[in-house]
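> Provided below for reference: sequence and predicted model.
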Amino acid sequence: MSEIPGHLLKKIEVYPNYECNRNCRFCFTSKDNNNYHSKPISFHSICEKIYIGYKEGCRMLTVLGGEPTVYDKLPNMLAFANKIGYIGTVLFSNGLKFADYPYAKKIASLKLKAVHLNIPSHEPDAFNYLTQSEHGYDALLQSIRNLKSLSIPMIAVCVITKQTYDRLAEYVDFYYKAGISFFIFHYAKLQGNLDPLNGNNAENIKSIVVPMSEAAKGLKKMLEHCLKANIFPPFIETMPPCVLDSYAYRITDFIFESNKFMSGLRVIPGMRLRINKYDSRIKISECADCIWEEKCYGIEKAYINLFGKNEFKAVKELPQPYYSEIPEEKRTPLFISLPKLVEKTYIDMHGGED
């Protein structure tokens, strides 16, 4: 395994169940889905799938949910994966349980490579509104302190909403000072609690979801701020490149050539082992003439139905990279904030050798 670059390591994604100790307004799994898939996968079955994944070449384990820390056999799962040869685990979590230091220490000891923390805002009122949780903000801050003390790398995942899109630079500053070095900004999916087919009318959805063209303005302002402040330029997910101009290079789909980093298997309650794939986005007529057409995964159909397609235009010429105007003499000291080393560091956190 030592000869295989980290970004080529296959991973297996495991969703032990869809239970969660928050009820985020933007969650991509609805309560109906949670009820449908509420029966968790048996521990024996999860171990069997993890073993199959290992035999098929997977070496990284990613655990998601729901909220993976509410699964009581999570430590046992990680211990089993370590025993058969997985090199590490990445968790996607809201962080609430990591506020308990002994629990955080136990999970960290099981080859935990990184934690993606779902952090929707740096402002208490917006945080509590979006997560519909009491005391969640204070618990999240304690979790960050605990994970930092345990030397566990953290990635802040922020779902862009109407409550936050114009204050993203302040968000990055706040959590960077708290000890988080990497950031991913994720455009809200019109699924789950925001699914128009799940009893949500347009007014309810638009109280959370901001048009992509507006979100892009906040993202560009934030990314420009990061370059000036020597902060890693955050990654962007589930947004098309045509609204981001030169910052399209921060879209994760483009960073890992042919999506090799995303290759692997997925285990979901109620479903058998299956290959990962994008299956919820479509192309519109404007995409056919766009220079990004082969790399872009398109736009959610529900988004087009809600906001229309006038925001999206075919890009005819490849934009200059966002860092191209930085003078050469300043580029070297800034290099930890620029593409190659940032991507390598991110890849090492998710798939590199110990």
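Right, received. Where do you want to start? It should be emphasised that the depicted structure is a prediction, and the values quoted were computed from it without experimental measurement.

> ok but Arg266 is inside a helix, no?
No - under DSSP: H, G, I helix; E, B strand; the rest coil, Arg266 falls outside any helix and is assigned strand.

> Name the SS class of the closest residue to it other than its chain neighbours, please.
Of all residues not flanking Arg266 in the chain, Glu13 sits nearest, at 4.5 Å (CB to CB, 6 or more residues apart in numbering). No exception for glycine: its C-beta is placed from N, CA and C like everyone else's. Judged by three-state DSSP, the three-state class of Glu13 is strand.

> From what I see, Glu13 and Met60 are in contact.
No - with contact defined as CB atoms under 8 Å, Glu13 does not reach Met60; the gap is 9.5 Å.

> Please enumerate the helices of the stretch 51-200 of the chain.
For the stretch 51-200 of the chain, the helices defined by DSSP state H, counting those that start in this stretch cover 74-84, 101-108, 124-131, 136-149, 168-178.

> Now tabulate the ones you listed in TSV and tack on mean pLDDT and distance to Pro269.
Shown next, in TSV, are the helices of the stretch 51-200 of the chain (pLDDT from 0 to 100; distance: least, CB to CB, whole Å):
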stretch	mean pLDDT	distance to Pro269
helix 74-84	97	14
helix 101-108	98	21
helix 124-131	95	22
helix 136-149	96	24
helix 168-178	97	31
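
> can you give me the mean pLDDT across the helix or strand harbouring Ile46?
Element membership for Ile46, per DSSP states H and E: helix 43-55. Averaging pLDDT along helix 43-55 gives 94.

> ok so, going back, quick one: neighbours of the residue nearest to Arg266, just the number.
20 (other CB atoms under 10 Å).

> What separation is there between it and Phe235?
Distance, Glu13 to Phe235, by CB to CB, to the nearest Å: 18 Å.

> how about the closest residue to Leu168 other than its chain neighbours, phi and psi?
Nearest non-adjacent residue to Leu168, counting by CB to CB, 6+ apart: Met222, 3.7 Å away. Backbone torsions for Met222, taken as degrees, to the nearest 10, come to phi -70, psi -40.

> which secondary element of the protein has the worst mean pLDDT?
strand 274-275 (a mean of 52; mean pLDDT, DSSP states H and E).

> Provide the strand pairings for the next helix or strand along the chain from that one, with the direction of each partner.
As assigned by DSSP H and E, the chain's next helix or strand after strand 274-275 is strand 281-282. Strands adjacent to strand 281-282 in the sheet, as given by DSSP bridges, are strand 299-300 (antiparallel).

> Following element in sequence after the strand it pairs with, please.
Using DSSP H and E, the helix or strand that follows strand 299-300 in sequence is helix 301-307.

> can you pull the buried residues of that next one?
By neighbour count with 16 or more other CB atoms under 10 Å, helix 301-307 contains the buried residues 302-304, 306-307.

> do stretch 230-250 as well
231-244, 246-250.

> Same question for stretch 121-141.
Of the residues in stretch 121-141, those buried (16+ other CB under 10 Å) are 121-123, 126-131, 133, 136-137, 139-141.

> Just the closest of these to Ala114, please.
Relative to Ala114, the closest of these is Leu140; by CB to CB it sits at 16.5 Å.

> Centroid-nearest residue for the protein?
Val157 (5.3 Å; CA atoms, centre = their mean).

> what stretches of the stretch 201-350 of the chain score poorly on pLDDT?
Along the stretch 201-350 of the chain, segments meeting pLDDT under 70 span 253-264, 270-279, 328-350.
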